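> Got a sequence here, can you build the structure:
(one chain, ligands or ions: 1)
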Amino acid sequence: MSEQKSPQDVNTQKTESPENHKRRDYLHWDDYFMATSLLSAKRSKDPVTQVGACIVDSQNRIVAIGYNGFPRNCSDDEFPWSKAQKGTQDFNPLEDKKMYVVHAEANAILNSNGMRLTGTRLYTTLFPCNECAKLIIQVGISQVLYLSDKYAEKPTYRASKRMLDAVGVAYKRHVPQQKKIIIDFENFLEEDPNSSLGLNDLHLK
Ligand SMILES: Nc1ccn([C@H]2C[C@H](O)[C@@H](COP(=O)(O)O)O2)c(=O)n1
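Residues are numbered from 1 along each chain as shown. Prediction:
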């Protein structure tokens, strides 16, 4: 004979069901903003280093995002994506991407459309260079969170830290709580069997 459930048991069962309480594996704020920066970096055409940045206010609202790329209307197909090699026969400084690329952090600042950025936080996938540090300081960003500092030994990055230290802009490497976030469009494509979109999964590692 099956056991009868008291109304109390039924209630307990209801509260224990995963659908009745808060999800536990939700994204934490810092991971969320860094993942947003990583997603933005996916827009970059730079074949070597794709950088993304995201500016967030004190109420955890994203106020701007950006990635590294050429200025508006400077064609991705005409301007150089390579680095000019000093000492080579055909060395031409005008054929170097660094002459033209707007860094992700600078683009994020510019994309904020003149909004007041005092006290905001900047999430960037790569530590800001000296030129971006100048902008960060001038607009009043108070904290920088970064994922990689692969160019730490270069003078431009040491100069960046010198300026940020001098004025008290805090910076720290973000250590993600969630090691992997997968954006999977497939579930949504399955909802529409007639869809002919051939989208690949986007894996953020
Ligand atoms: N904090 C940074 C540093 C670099 N970038 C951009 C500039 C270039 O497009 C690329 C670096 O290229 P690489 O020297 O690694 O060939 O990343 C940036 O947006 N933000």
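> just for the protein, where's the confidence low?
Across the chain, the ranges flagged by pLDDT under 70 are 1-16, 193-205.
> need the residues of it near the ligand, please.
Within the chain, the positions adjacent to the ligand are 46, 48-49, 51, 68, 97, 101, 103-105, 126-129, 132 by Cβ under 6 Å from any ligand atom. In this view, the C-beta of every residue, glycine as well, is placed from N, C-alpha and C.
> now do 5 Å
Residues of the chain found near the ligand, taking Cβ under 5 Å from any ligand atom as the criterion, are Asp46, Val48, Thr49, Val51, Asn68, Val101, His103, Ala104, Leu126, Pro128.
> Is it correct that the fourth one is in contact with Pro128?
No - using Cβ atoms under 8 Å, Val51 is not in contact with Pro128, being 9.4 Å away.
> if we can go back for a sec, which ones among the residues of the chain next to the ligand map onto strands?
Among the residues of the chain next to the ligand, the members falling in strands (DSSP state E) are Leu126.
> Of the residues of the chain next to the ligand, which count as buried by neighbour count?
By the neighbour-count criterion of 16 or more other Cβ atoms under 10 Å, the residues of the chain next to the ligand include these buried positions: Asp46, Thr49, Val51, Asn68, Val101, His103, Ala104, Leu126, Pro128.
> so how far is His103 from the residue nearest the centre of the chain?
Centroid-nearest residue in the chain, with Cα atoms, centre = their mean: Ser37, separated by 0.9 Å. Here the distance between Ser37 and His103 works out to 13 Å (Cβ to Cβ, to the nearest Å).
> How about Phe33?
Applying Cβ to Cβ to Phe33 and His103 gives a distance of 18 Å.
> Check the burial of Pro80 by counting its neighbours.
By other Cβ atoms under 10 Å, 16 other residues sit near Pro80.
> Arg61 and the ligand, how far apart?
Shown here: Arg61 relative to the ligand, a distance of 23 Å by Cβ to the nearest ligand atom, to the nearest Å.
> And that residue, its phi and psi?
Comment: the main-chain dihedrals of Arg61 come out as phi -100, psi 130, following degrees, to the nearest 10.
> so which strand or helix has Leu110?
Taking DSSP states H and E as the definition, Leu110 sits inside helix 104-111.
> before we move on, the earlier item: show me the common contact partners of Val51 and Pro128, please.
His103, Glu105 (Cβ atoms under 8 Å, 6 or more residues apart in numbering).
> one step back: how about the residues of the chain next to the ligand, which pair is most distant?
Val48 and Pro128 (17.5 Å; Cβ to Cβ).
> which residues in this structure form strands?
Secondary structure of the chain by DSSP E: the strands cover 52-56, 62-67, 121-126, 143-148, 170-173, 181-183, 202-204.
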